Structure formats: C-alpha cells, structure tokens
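Colleague: mind looking at a prediction? Sequence and model below.
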Amino acid sequence: MAQWRKGERAVRFLLDRGRLDSFEAADLAGLAGAQVRRATLRVEATATAALSMGDVDGAYAAAYDAYRMAAEALLACQGLRATGGVIGRTWLWRMRCRLSSPLMSPPSPSRRSSGHAC
C-alpha cells in the first residue's frame, strides 16, 4: 500500500473506519488511467451532448459522474477505493484537493437533480 506524506492521518482515519479499502493490483497506473479515460468519455460524449441539446441538468449530472470517476482514479493509483457513499467520497475529495491544491474543489452534490445514487 502507498504511503502518504501529506494527509496520512486522514487516510488512516478513513481506513480504520471502513470508509476506504486498500487493494493490490499488478498495474495501478493502468487501472487509474482506464478510470480517467472513462471519466473523459463521460464529459466529452455525455455531458457535452446533453449541454448541446439544452439539457443543463443532464450535463451537470454527467459532469458530476466524471468528477467521481476522476476521484476514484486518484485513489486507485494509490491502491485505495472509497466504500462510504457520496459523503465519504466528497469528504475524501476535499481532503485530497486541500492537500494538493487550494484551488480545486468538487461540485456540490446538492446541485445534482438527476436522482442518481452516488
């Protein structure tokens, strides 16, 4: 499992409470890359098409899905995966971004109107 110079306490907290799982894979970078490609496709194909047809809510839902996939890729390249639903993923995303860049933050889940479960 990866070691975290920044945020190790937060990661350990989430692992101890079952909000994160660790896993091993032969090619973590390849797995994360596949998730990023999936997220990119969701934005380029689904969100863009919805927006071009005037479906702002659908475009937002697809973009939100892509952000979740990108967050999963960040975890996957470290041999981690979220287990705790939207609250765990959103909290983890904010912690991860706060540690890496003060400029990044996820979209608010309350804006979603598609009714999809996270």
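Modeller: Noted; the coordinates are in hand.
Colleague: where along the protein do the helices fall?
Modeller: Read by DSSP state H, the chain holds these helices, from start to end of the chain: 8-16, 28-41, 48-52, 56-76, 85-100.
Colleague: can you say which of those is packed in most?
Modeller: helix 56-76 (a mean of 19; mean count of other C-beta atoms under 10 Å). Just so you know, the C-beta spots here come from the backbone N, C-alpha and C atoms, and that holds for glycine as well.
Colleague: so where is this structure shaky, pLDDT-wise?
Modeller: Where the chain drops to pLDDT under 70, the residues are 1-4, 84-118.
Colleague: picking up where we left off before, which among the helices of the chain is found nearest to S22?
Modeller: Between S22 and those, the tightest spacing by C-beta to C-beta is seen for helix 8-16, at 6.7 Å.
Colleague: would you format the helices of the chain as a markdown table with distance to S22 included?
Modeller: Written out in a markdown table, the entries for the helices of the chain read as follows (distance: least, C-beta to C-beta, whole Å):
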| stretch | distance to S22 |
| --- | --- |
| helix 8-16 | 7 |
| helix 28-41 | 11 |
| helix 48-52 | 35 |
| helix 56-76 | 10 |
| helix 85-100 | 14 |
